[in-house]
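Colleague: this one's sequence-less:
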DNA sequence: GTGGTCTAGACCACC
DNA sequence: GTGGTCTAGACCACT
C-alpha cells in the first residue's frame, strides 16, 4: 500500500491527518474496493505513532463508511466510491464556504479570489 | 462602536473570534486609526465573557500591530491599515492555497471549485 | 522654555518620559539653575496630559534634587549640575550593565558590541 | 535539561524572564533542535509558579518560532537556531541603540560609554 | 477608570 | 500524560 506521510509539526491532529490521507487514497483510486489495508499495529509501527491514534483514525473511517472491518481478518476498503466522493465534495464545499465568506468580509472581490484559487490550483 | 458577536457553537476559540472580527472591522474601515475601542472590561461584559479572554485577544492584536495600548487610558486602533490589509490578504491567500490543494488532490476540477466559490460568495 | 515632546505609544509611562526629558534639559544646560519652570497646570495643558501625571513627574524630580519648589511661587531648577550629572551617569551605567550582560549571555563578543554602540552613537 | 532560574525581585514579568532564559539557552546551544523541553506543568512546579504563566511563556516562544508544540506530546526546540540568533542580535542592537542615544543626549562621550561597556562585559 | 500580570482551579482534545 | 482555553478573582502601576 502507498505509504502515508505525517507532519508532526502540523496543528491538525495526527489521527485526522491519517483519516484525510486515507480518504484521498480511496477517492483517487490508489486504494481499491475490498483491498485489505495494513493492521492498526503495522500502520502504527510504520508511522512511529501510538496504536491508539491509528485505531481512532480507522474507527472514524469506518464510521463514515470508507472502511469496513471483518473481525479476525482485518480492515478493508469499502465499495462506495461515489458516496465517498460526494461526501468529500461536501466537506470541501464547506471549507470553501468558510474561507470565501471570510475573504468577502475582509473586502476582497470575487475576481481577486478567483485569481488566488487559480494560482493555488496550478502552482506548486 | 460596532458591536462584536460571538458564535458559541464555533470550534475556533473565543479570543480568536474577537481577533478576527476586530481585524475585519479595522480593514473594512469601520474602525478608524487612533479611535479608542471599548475597554477590556467593557467588551468582556458586553460579550458576557471573562476579561482575561478579551485581554488575550487585545494582546494578540497589539502584537500584530493592529492596536496599540496606553496603560491607564485604553486601547486604540493603530495607524497602518494598508499594511494590515496586505497582511490579511496574505493570510487569506494561504487559506485558499491549503483548501484548494486539498480539493485538487481529491480530484476536483477547477471549474467545480470556481462554482463552489461563486456560490459561497453570493450566497448567504 | 524648551518644549517637551511625548510619545503616547511608548511603553515608558508618561510621567517618566517627562522626568527623563527634564533631566537631560538640565544636564545639557538648556535649563539653568534657579530658572523657573512652567507650572504643573501649564505643562499639563501644553502636553495635553492629566495634571496628576505632571505632578507625579515634578514630585519625582524634586525628590531627586533636580527641582526645588517654593510654595506660592512655583518650581525652580536646582543648582547641583555636578551631582545630577553623576546620578545620571550612574543610571546610564546600570542600563548599559543590564544590556551588556544580556548581550554577552547571548554569545556576542565585545567587539560586536563596540561596533553596535559606535554605529548607534554616530548614526542618527 | 538546564534549570531555569527566576529573579523574584526583577520588574520584568515572570513569563518574560522565562522567555528570555529559554532564548539564550537555545541560542547558546544548551538546548538542541527537536529536543523536548520540560512540560508546562513540570516547569511550573519546578519554578513554583502557576502553569498558566509558563503556558504564556511557551506560547510566546512558539509564536517567535523558537519552540513548536505537539498537543498530547509536549514542546520541542525548533530547528532554526541561525534565524533566531540573528533575531536576537537585532533585538540587542535595538536595545543598545536606545540606551546609547540616551547616553549621548545626556552628554556622555563615546569613550566613557566604551569604558562602561567594557567594565560591564568583563565584570561581575 | 485603564491595561497587564498572576494564581487557582476547571475542562477539552489529543497521544 | 500533553498543550490549549476559559473562568473567577486578585493585585499592580498608570492616568
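Modeller: Ah, there it is. Keep in mind that this is a model prediction, so the values were computed, not measured.

Colleague: wait, what's in contact with the spatially most central residue of chain A?
Modeller: In chain A, the C-alpha nearest the mean C-alpha coordinate belongs to residue A:20, at 1.5 Å (C-alpha atoms, centre = their mean). By C-beta atoms under 8 Å, 6 or more residues apart in numbering or on different chains, the contact list for residue A:20 reads A:12, B:102. (C-beta placed from N, C-alpha, C; glycine too.)

Colleague: please redo it, this time with the cut-off set to 10 Å
Modeller: Counting by C-beta atoms under 10 Å, 6 or more residues apart in numbering or on different chains, residue A:20 touches A:4, A:12, A:57, A:88, A:91, B:102, B:105, B:106.

Colleague: repeat for residue A:121
Modeller: B:96, B:97, B:100, B:101, B:103, B:104, B:108, B:109, B:110, B:113, B:114.

Colleague: how about it, secondary structure?
Modeller: In three-state terms, and counting by DSSP: H, G, I helix; E, B strand; the rest coil, residue A:121 is helix.

Colleague: Neighbour-wise, which one of the contacts of residue A:20 leads?
Modeller: Neighbour tally across those (other C-beta atoms under 10 Å in any protein chain shown): the maximum, 27 neighbours, falls on residue A:57.

Colleague: residues making contact with the helix or strand that contains that one?
Modeller: Remark: residue A:57 resides in helix A:51-63, with elements defined by DSSP states H and E. With C-beta under 10 Å, 6+ apart as the test, helix A:51-63 has contacts from A:4, A:6, A:13-23, A:26, A:37-47, A:49-50, A:66-69, A:75, A:77-78, D:72.

Colleague: Just want the residue of chain A that's nearest chain D.
Modeller: The nearest approach of chain A to chain D comes at residue A:9, 5.1 Å away (C-beta to the nearest C-beta).

Colleague: Let me know how buried that residue is, in neighbour terms.
Modeller: Around residue A:9 there are 11 other residues, counting by other C-beta under 10 Å.

Colleague: Can you read off the pLDDT for the spatially closest residue to it that is not a sequence neighbour?
Modeller: Leaving aside its sequence neighbours, residue A:9 sits nearest to residue D:68 (C-beta to C-beta, 6 or more residues apart in numbering or on different chains; 5.1 Å). pLDDT, residue D:68: 95.

Colleague: Now the residue lying closest to residue A:80 once chain neighbours are set aside: phi and psi?
Modeller: Leaving aside its chain neighbours, residue A:80 sits nearest to residue A:65 (6.2 Å; criterion: C-beta to C-beta, 6+ apart). When read as degrees, to the nearest 10, the backbone of residue A:65 gives phi 80, psi 20.

Colleague: check which helix or strand covers residue A:94.
Modeller: When the helices and strands are read off by DSSP H and E, the one containing residue A:94 is helix A:81-105.

Colleague: Which parts of chain A belong to which domain?
Modeller: A:14-79, A:82-122 (automatic domain parsing).

Colleague: which of these has the lowest average pLDDT?
Modeller: Among the domains of chain A, domain A:82-122 scores lowest, at a mean of 88.

Colleague: For chain A, list the residue farthest from the centre, please.
Modeller: What lies farthest from the middle of chain A is residue A:107; by C-alpha atoms, centre = their mean that is 31.2 Å.

Colleague: so does the helix holding residue A:57 get close to DNA strand E?
Modeller: Yes - residues of helix A:51-63 contacting DNA strand E under C-beta under 7 Å from any atom of the strand: A:52, A:53, A:56.

Colleague: out of the contacts of residue A:121, which are buried?
Modeller: Neighbour counting by 16 or more other C-beta atoms under 10 Å in any protein chain shown classes B:96, B:97, B:100, B:103, B:104, B:108, B:110, B:113, B:114 among these as buried.

Colleague: Which one of those is nearest to DNA strand E?
Modeller: Lowest distance from DNA strand E to these (C-beta to the nearest atom of the strand) belongs to residue B:103, with 21.9 Å.

Colleague: what's the burial count for the residue lying closest to that closest one once chain neighbours are set aside?
Modeller: Leaving aside its chain neighbours, residue B:103 sits nearest to residue A:92 (4.9 Å; criterion: C-beta to C-beta, 6+ apart). By other C-beta under 10 Å, 20 other residues sit near residue A:92.

Colleague: check contacts around residue A:92.
Modeller: Taking C-beta under 10 Å, 6+ apart, we find residue A:92 in contact with B:99, B:100, B:102, B:103, B:104, B:106, B:108, B:112, B:113, B:116.

Colleague: mind putting the residues you listed in CSV, distance to DNA strand E included?
Modeller: Shown next, in CSV, are those (distance: C-beta to the nearest atom of the strand, whole Å):
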residue, distance to DNA strand E
B:99, 19
B:100, 23
B:102, 18
B:103, 22
B:104, 25
B:106, 21
B:108, 25
B:112, 28
B:113, 26
B:116, 25
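
Colleague: With distance to residue C:84 as extra columns, can I get those residues in TSV?
Modeller: Formatted as TSV, those follow (distance: C-beta to C-beta, whole Å):
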residue	distance to residue C:84
B:99	64
B:100	65
B:102	67
B:103	70
B:104	70
B:106	73
B:108	74
B:112	76
B:113	71
B:116	71
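
Colleague: Looking at those residues, which one is closest to DNA strand F?
Modeller: Using C-beta to the nearest atom of the strand, residue B:99 comes nearest to DNA strand F of the contacts of residue A:92, at 20.7 Å.

Colleague: quick one: secondary structure of the nearest residue to residue A:93 once chain neighbours are set aside?
Modeller: With sequence-adjacent residues excluded and distances taken as C-beta to C-beta, 6+ apart, residue A:93 is closest to residue B:116, at 5.2 Å. The three-state assignment at residue B:116 reads helix, by three-state DSSP.
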